[in-house]
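In: Model the following, please.
(2 chains)
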Amino acid sequence: MKVQCLKGFRDYLPGEMLQKERMLASVREVFEQHGYPPLMTPALEYAEVLTGKYGDEGEMLLYRFRDNGDRDVALRYDLTVPLARVLAEHGNIGMPFRRYQIAPVWRAEKPARGRFREFMQCDVDLIGVDSAAADAEMLVIGAAVMQRFGIENYKLRINHRGVLSALCRKVGLEGSAEGDFLRILDKLDKIGEEKFRQEVSGIPGLDASGLDSVLAVVLDASSDPREVLSHIEKNLGSDDLATSAIQRMTEILDIVEAAGIGKYCQIDPAIARGLSYYTGLVYETFLDDLPQVGSVMSGGRYDDLVGMFSGKELPAIGISLGIDRLFYALSEMGLIETSSQPAEVLVVLFSEESAPASFSAASGLRHEGINTMVYPKAAKVKKQLQFAQKSGIPYVVVIGDEELKKGTVQFRDMDAGSQDEISLSDAVTRIKTGQTS
RNA sequence: GUGGGUGUAGCUCAGUCGGUUAGAGCGCCAGUUUGUGGUAUUGGAGGUCGAGGGUUCGAGCCCCUCCUCCCACCCCA
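Out: Model prediction:
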């Protein structure tokens, strides 16, 4: 048997996991700052809950199988559809409903850079409200997370399904025929106008005479969002879907600019989003320094999804942060310290006889909220100091026979190389204040 | 999933034309005399050469299949 973990899956060793957990804690904090409580749902759902929600390509990526009771089940593909199921199943949930959920999802895609088959999503959703304020709040929360991570160079690329539908109408496509066209449109900036025209010409029913105005909207999109909007209006203003989309995006821009995150927001009429359940605003987030890893945060409005379960229309919007992808990107950019160590203090185990004293001192430190490790066996002080140094533990406490008699400790600052014989409580003070002598 | 590349010690990599017992640096472990890290020095452990098959007197090296990872397409967090 070959010992390895599944393709597309990965282990997070302690050095990485410590950092990932810290990122997750920050995300949770930001979500709760905005008034969202957590939700948890099972990893496994009845397959029929998930099928028909993600489009044909998405559906092929489901991890789907029969359980031991011969039930047709599947691992969740995202956190949004399970949320819709919860809303339909628990009828008395008050509206508006807010929740965040941080949990792994599974997609049987071919793994690539920044793409895994198991990855964690951090979702925030606001249900029961269809308003520009609700839409804008998602962007505000997303930007708050990025700010929390110290990420400045990124762009929230925003679009609206109404604009996309209007663009499709321009070329004579409607409803289910939109998919192929939008897929090619989405990669326009990558393949260029010429290849775009070429690929798009293969779509049955396409009215090529409208292509010029489509390209006029998308290609001339300058970076100023207001200009992009007026540009869209100029070209698609006669379309009612486009008009209300422009109206909504204008209101959203007013809010996000007031919230101070306008500089991160772009209107990009080419952003399509593959998931089929989006109905209004859609957005994706790319890091300027590492666009190859793909979108690190995206989402949109899905006003029809809950209705697919309950039959009752319920407007909804959400945003999803890909923490693994973000972690990967930050690692690639060298912004994550992987050799970290939770202990701030190592208490040396001087001898087997002094073990009780060491543990007692360690307890005292921990009571003060200081992460403390006791060396697990009696060994040479040299070796224990070496260990502290290699592990990145900044302080060492030594309690030997002398100190035991006097009721003191040797307190060593590893970085400064200084050492003093002081009381344990003085050591606590020094650690807390960060002073070395 | 399709196409291209890749794989030798924990890590980064040498390894000649197919020829004896596969190497280096870093890291790791243990010493350098018994209460103190980073430097120095000595010694040591560690490899089914990604896996399986084939060609050959002989394969890390050539051929086939599979797997991994990387790049592009596709799609996305």
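
In: drop to CA atoms for contacts and neighbour counts, all remaining ones
Out: Noted.

In: Would you pull up how far the host helix or strand of A:Glu227 lies from the middle of the chain?
Out: If you go by DSSP states H and E, A:Glu227 is part of helix A:225-236. Centroid separation for helix A:225-236 versus its chain: 30 Å, with CA atoms, centre = their mean, to the nearest Å.

In: The next helix or strand after it vs helix A:225-236, what angle?
Out: Toward the C-terminal end, the helix or strand that comes next after helix A:225-236 (DSSP H and E) is helix A:240-258. For helix A:240-258 against helix A:225-236, the angle by axes from the mean of the first three to the mean of the last three CA atoms, to 10 degrees is 170 degrees.

In: Name the surrounding residues that touch stretch A:218-231.
Out: Stretch A:218-231 is contacted from outside by A:Val217, A:Ile246, A:Thr250, A:Cys265, A:Gln266, A:Ile267, A:Asp268, A:Pro269, A:Ala270, using CA atoms under 8 Å, 6 or more residues apart in numbering.

In: doesn't A:Ser276 make contact with A:Lys53?
Out: Yes - A:Lys53 is in contact with A:Ser276 according to CA atoms under 8 Å; the separation is 6.6 Å.

In: still on that earlier bit, and the helix holding A:Glu227, average pLDDT?
Out: Across helix A:225-236, pLDDT averages out at 90.

In: go on, stretch A:107-124?
Out: Mean predicted lDDT for stretch A:107-124 stands at 89.

In: How about it, which residues are buried there?
Out: Buried residues in stretch A:107-124, counted by 16 or more other CA atoms under 10 Å: A:107-109, A:114-124.

In: Sketch out the strands for the stretch 151-300 of chain A, chain order is fine.
Out: For the stretch 151-300 of chain A, the strands defined by DSSP state E, counting those that start in this stretch occupy A:154-160, A:265-267, A:281-287, A:297-301.

In: Comparing those, which comes out most buried?
Out: Most buried of those by mean neighbour count (mean count of other CA atoms under 10 Å) is strand A:297-301; its value is a mean of 26.

In: follow-up on the earlier one: may I have the helix holding A:Glu227 as PDB, with CA atoms only?
Out: Provided in PDB are the C-alpha atoms of helix A:225-236 (Å, rounded to 0.1, in the frame of the first residue of the first chain):
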ATOM      1  CA  PRO A 225     -16.900  52.300 -12.000                       C
ATOM      2  CA  ARG A 226     -19.200  55.300 -12.600                       C
ATOM      3  CA  GLU A 227     -17.900  55.700 -16.100                       C
ATOM      4  CA  VAL A 228     -18.400  52.000 -16.700                       C
ATOM      5  CA  LEU A 229     -22.000  52.200 -15.600                       C
ATOM      6  CA  SER A 230     -22.800  55.200 -17.800                       C
ATOM      7  CA  HIS A 231     -21.100  53.400 -20.600                       C
ATOM      8  CA  ILE A 232     -23.300  50.400 -20.100                       C
ATOM      9  CA  GLU A 233     -26.300  52.700 -19.900                       C
ATOM     10  CA  LYS A 234     -25.400  54.300 -23.200                       C
ATOM     11  CA  ASN A 235     -25.200  51.000 -25.000                       C
ATOM     12  CA  LEU A 236     -27.800  48.900 -23.200                       C
END
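
In: now the contacts of stretch A:218-231 in a markdown table, with pLDDT and distance to RNA strand B?
Out: Output for these, formatted as a markdown table (pLDDT from 0 to 100; distance: CA to the nearest atom of the strand, whole Å):
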| residue | pLDDT | distance to RNA strand B |
| --- | --- | --- |
| A:Val217 | 83 | 20 |
| A:Ile246 | 94 | 22 |
| A:Thr250 | 96 | 23 |
| A:Cys265 | 94 | 15 |
| A:Gln266 | 92 | 16 |
| A:Ile267 | 93 | 17 |
| A:Asp268 | 90 | 15 |
| A:Pro269 | 90 | 15 |
| A:Ala270 | 87 | 12 |
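
In: A:Val27: which of those is nearest?
Out: The nearest member of the contacts of stretch A:218-231 to A:Val27, counting by CA to CA, is A:Cys265 at 20.3 Å.

In: wait, the closest one sits on A:Asn153?
Out: No - taking contacts as CA under 8 Å, A:Cys265 lies outside contact range of A:Asn153: 11.4 Å.
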